[in-house]
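[1] Just need the structure, nothing else, for what follows:
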Amino acid sequence: MLSAYPELVEFLPCESPEAWVNWALENQTLLLNDHAHCEKKAASTAMSLMYRYVDRDNLLHKMSRLAREELLHFEQVHKIMRKREVTYDHLSASRYADGLRKHIRTHEPARLVDTMIIGAFVEARSCERFAALAPHLDEELSKFYISLLKSEARHFEDYLELAKEYSNEPIDDRVAFFRDLEEKLITEPDTEFRMHSGPPSLM
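    A predicted model of the protein is given here:
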């Protein structure tokens, strides 16, 4: 499925561990719950960027579209949850996003560039995980996750294009820096399952 998005595959440092895929299949109620939270957070992030960077026309255009799509995805996940009588609960955040965002530089435009690069990794990893899970899920969930691939891949491209557009220098070094961090966050064990967690800890 990801063969249609070679740039995305090349961008990510690794595939999701098989142990994480198995963990997800064993925790599908939690998977849906956290997925809904992820879509809502993605929309909120896009809106926050629109408020912060009001003078960036291309950012406003792309983030407005992204926010609408992420809210639609939230509605779709929530509809599936209601159908399956899955309660939408509060969840603690995974270490994934914080593990990346704590390295954002504080001066501009570096802050914006780093935020865009992290956004690209989040969207690319989401796309990769939907593709990894889809073959193992029931028909309804499988079709839904496959349907998300195109938009998630486009969101990855949008974030990466914006990072390049607003940077005063090549972004290769920063992409490499966050790629190393992302690989550790995806491959190192976690004690709680989340959409972007690592494999389960043996503890």
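[2] If we ignore the residues flanking it in sequence, what's nearest I118?
    Closest residue in space to I118, ignoring its immediate chain neighbours: L100 at 4.7 Å, by CB to CB, 6 or more residues apart in numbering. Where you see a C-beta, it was placed from the backbone N, CA and C, and this is true even at glycine.
[3] gap between the host helix or strand of the one you found and the chain center?
    For L100, the enclosing helix or strand under DSSP states H and E is helix 95-101. From the chain centre to the centre of helix 95-101 is a distance of 11 Å (CA atoms, centre = their mean, to the nearest Å).
[4] moving C-terminal of that helix, what's the next helix or strand?
    helix 110-133.
[5] which of the residues in that following helix are buried?
    Residues of helix 110-133 classed as buried: 110, 112-133 (neighbour count, 16 or more other CB atoms under 10 Å).
[6] And stretch 147-160, by the same measure?
    Buried residues in stretch 147-160, defined by neighbour count with 16+ other CB under 10 Å: L148, L149, S151, E152, A153, R154, H155, F156, E157, D158, Y159, L160.
[7] Next: stretch 78-86.
    Neighbour-count burial for stretch 78-86 [16+ other CB under 10 Å]: H78, I80, M81, V86.
[8] Looks like the residue nearest to I118 contacts A120 (just checking).
    No - L100 is not in contact with A120 according to CB atoms under 8 Å; the separation is 10.7 Å.
[9] Can you tell me the element the closest residue to R95 other than its chain neighbours falls in?
    Nearest non-adjacent residue to R95, counting by CB to CB, 6+ apart: L185, 6.6 Å away. In this assignment (DSSP H and E), L185 forms part of helix 172-187.
[10] average model confidence for that helix?
    For helix 172-187, mean pLDDT is 98.
[11] Can you give me the distance of the residue nearest the centre of the chain to R154?
    Nearest to the mean C-alpha position of the chain, by CA atoms, centre = their mean, lies V122 at 3.0 Å. Separation of V122 from R154 (CB to CB, to the nearest Å): 14 Å.
[12] repeat for P6
    Distance, P6 to R154, by CB to CB: 15 Å.
[13] This protein: helices as residue ranges?
    Applying DSSP state H to the chain gives helices spanning 6-11, 18-26, 28-52, 57-83, 95-101, 110-133, 139-166, 172-187.
[14] now for the fifth one, which elements pack on it?
    Contact analysis of helix 95-101 by 3 or more CB pairs under 8 Å, 6 or more residues apart in numbering; DSSP states H and E lists helix 110-133, helix 172-187 as its packing neighbours.
[15] Just give the closest residue to E188, not the sequence neighbours.
    Closest to E188 by CB to CB, 6+ apart is G198, at 4.9 Å.
[16] wait, doesn't that neighbour sit right on L185?
    Yes - contact between G198 and L185 holds when scored by CB under 8 Å: they sit 6.5 Å apart.
[17] Show me where this structure dips below the pLDDT cut-off.
    With pLDDT under 70 as the threshold, the chain has low-confidence stretches at 203.
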